[in-house]
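Asks: test case, fold it:
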Amino acid sequence: TKADRMTMAHGLELRVPFLDRRVLAAAAPLTPGEKIGRDTTKVALRAAVAELVPPAVAGRAKLGFPVPIRFWLRDELYDFAETVLAEAQIGAYVHRDAALTMLRDYRRGADFDWRRLWVLICFALWHRHHVEGVTGPVR
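Replies: Down below sits the predicted model:
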């Protein structure tokens, strides 16, 4: 969803695997019922590849492409996140010590939704760039 919204916001199409004119010509006359089933999507595509793809693959649910930010915040993104939260001048909006404590607790294994941290980090980055005028990489 996020990738789709971001690419749409910039006039881009991220998913374009079936733009071949022959594929479009074959799919255009299909009714919605031939394209979307009661419990699944891509009915015609799944039927077309049934003999080529193992049933476990053809019948599985959509997987998406999640970015492993929740793991990165505990490892390779930790120093970056700590620097951003420590240096951004967001004290009027965010209790910096609480944000840094939350980040440290998360790294130690605290069980809460990592998105709470990610929102703070994104806000701090936005603030640095758009309010403070800081450009370039974070130290």
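Asks: what residue in the chain is the furthest from its centre?
Replies: Relative to the centre of the chain, the most outlying C-alpha is that of P29, 33.4 Å out, by Cα atoms, centre = their mean.
Asks: please name the nearest non-neighbouring residue to L100.
Replies: L85 (5.5 Å; Cβ to Cβ, 6 or more residues apart in numbering). In short, each C-beta sits where N, CA and C put it, glycine included.
Asks: please identify which helix or strand holds the one you found.
Replies: helix 78-87 (DSSP states H and E).
Asks: I'd like the average pLDDT over that helix.
Replies: For helix 78-87, the per-residue pLDDT values average out at 95.
Asks: residues contacting A86?
Replies: Going by Cβ atoms under 8 Å, 6 or more residues apart in numbering, A86 touches R96, L100.
Asks: could you list the low-pLDDT ranges of the chain?
Replies: Across the chain, residues meeting the criterion (pLDDT under 70) sit at 1, 13, 15-19, 65, 139.
Asks: could you list the domains of it?
Replies: 2-59, 69-131 (the TED database).
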